[in-house]
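K.L.:
sequence and computational prediction follow.
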Amino acid sequence: MKHSKFLTDLVSNFGFSPSENGEKNPIQIQKVTGPTLKLIVKWCEHHKNDPKIREMDYCTITEWDQQFLQLGNKAMFDLVGASNFLDVRILFTISTKTIATWIKGKNPEQLRAIFGGTAPSEKSENMQKRKRKIE
C-alpha cells in the first residue's frame, strides 16, 4: 500500500501484521465503505510497480485510470473522500480532475443534477415548510 500514506503509517507505527498462527489482523477504517476500499485497493494494486512520483508530476490520466474512474456520481464522490482520508494523493488528484471535467461548462441545473443539490427556490420552500412545522 505504498500509495496510501495513512495505511503505510498505520502498518509501520502500529505493527499490523499476520499473527503467529498466520491469521491477518483486520484493520477497521470507519470512514471508508467496503466497496470504496475495494476500489482503492484495486487502484493501488494496478499501480504497485509504478515508479514513485510526486502528485504534482502526475498531470495526465492514463487510459486504464480513465476506464477505472468511469463510476457513478456517488461512487466517485465516495472515492474522492476515501482517497483523501487514506492519503492516496495521486488517486485523489486524478479523481478530482475527472470530476472537474464533468462540471466544466455546466449550467447550475446540470451541476445540481451532478451534485444532487436543490434549486434555491426549492430550498426556501423547504425552509418555509420546516418553519410552519415548528410554529
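P.N.:
Looks like it came in fine. Given the structure is predicted, the values throughout are model-derived calculations rather than measurements.

K.L.:
quick one, domains of this protein?
P.N.:
Domain segmentation of the chain under automatic domain parsing yields 5-104, 107-135.

K.L.:
lowest average pLDDT across those domains?
P.N.:
Mean pLDDT per stretch puts domain 107-135 lowest among these, at a mean of 72.

K.L.:
pretty sure L71 is touching L79, no?
P.N.:
Yes: at 6.6 Å, L71 counts as touching L79 under the criterion of C-beta atoms under 8 Å. (Glycine included, C-beta is placed from N, CA and C.)

K.L.:
could you tell me which residues touch both of those two?
P.N.:
L39 (C-beta atoms under 8 Å, 6 or more residues apart in numbering).

K.L.:
these two: which is more packed in?
P.N.:
L79 (27 against 15; other C-beta atoms under 10 Å).

K.L.:
list the buried residues for stretch 75-86?
P.N.:
For stretch 75-86, a neighbour-count test (16 or more other C-beta atoms under 10 Å) marks M76, F77, D78, L79, V80, G81, A82, S83, N84, F85, L86 as buried.

K.L.:
mind listing the helices for this structure?
P.N.:
Secondary structure of the chain by DSSP state H: the helices cover 5-14, 34-46, 63-68, 73-85, 89-103, 108-115, 120-134.

K.L.:
dihedrals phi and psi, G116?
P.N.:
phi 70, psi 30 (degrees, to the nearest 10).

K.L.:
correction: the previous question concerned Q30.
P.N.:
For Q30, the backbone dihedrals are phi -70, psi -20 (criterion: degrees, to the nearest 10).
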